[in-house]
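Participant: Take a look and give me a structure for this.
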Amino acid sequence: MNEDTTILPFRQSEMILDPLTELARDGARRMLAEALKAEADAFVASFAEEQLEDGRQRIVRHGFGPERQIQTGIGALDVQR
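Facilitator: Numbers count the residues shown, from 1 in each chain. Below is the predicted model of the structure:
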């Protein structure tokens, strides 16, 4: 590679280690978690009258899925659905 290049390496947002970015990431993670929880609760509530033959609710929550990463404007965030 030529030594007199003006190309600068792109710094990944995951590599930025400052308290303000971490605070923004944590806030984004919490907001996403609350939004997903509210969406799941609304979905289950919309089927509250649906029941199986034995009287149990047809649609229920079964816990959480595995944690995964999603890409946001401030970098990747680990979220759990």
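Participant: only C-alpha atoms for contact and neighbour calcs from this point on.
Facilitator: OK.
Participant: Helices of this protein, start to end?
Facilitator: Residue ranges of the helices in the chain, as given by DSSP state H, are 19-46.
Participant: Show me the shaky parts of it.
Facilitator: Using pLDDT under 70 as the threshold, the predicted model of the chain has low-confidence ranges 1-2, 10-17, 81.
Participant: do that again at 80, thanks
Facilitator: Applying pLDDT under 80 to the chain flags residues 1-17, 63-64, 72-75, 79-81.
Participant: Give me the distance from stretch 70-81 to the chain's centre.
Facilitator: Relative to the chain's own centre, stretch 70-81 is displaced by 5 Å; criterion: C-alpha atoms, centre = their mean, to the nearest Å.
Participant: Output that stretch as CSV, restricted to C-alpha atoms.
Facilitator: Written as CSV, here are the backbone C-alpha positions of stretch 70-81 (Å, rounded to 0.1, in the frame of the first residue of the first chain):
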residue,chain,number,x,y,z
ILE,A,70,-29.3,-4.8,16.5
GLN,A,71,-27.7,-1.9,14.7
THR,A,72,-28.6,1.6,15.8
GLY,A,73,-27.2,5.1,15.0
ILE,A,74,-24.9,4.9,18.0
GLY,A,75,-23.7,1.4,17.3
ALA,A,76,-24.8,-2.2,18.0
LEU,A,77,-26.9,-2.9,21.0
ASP,A,78,-27.6,-6.2,22.7
VAL,A,79,-31.3,-6.6,23.2
GLN,A,80,-33.5,-9.5,24.3
ARG,A,81,-37.0,-9.9,22.9
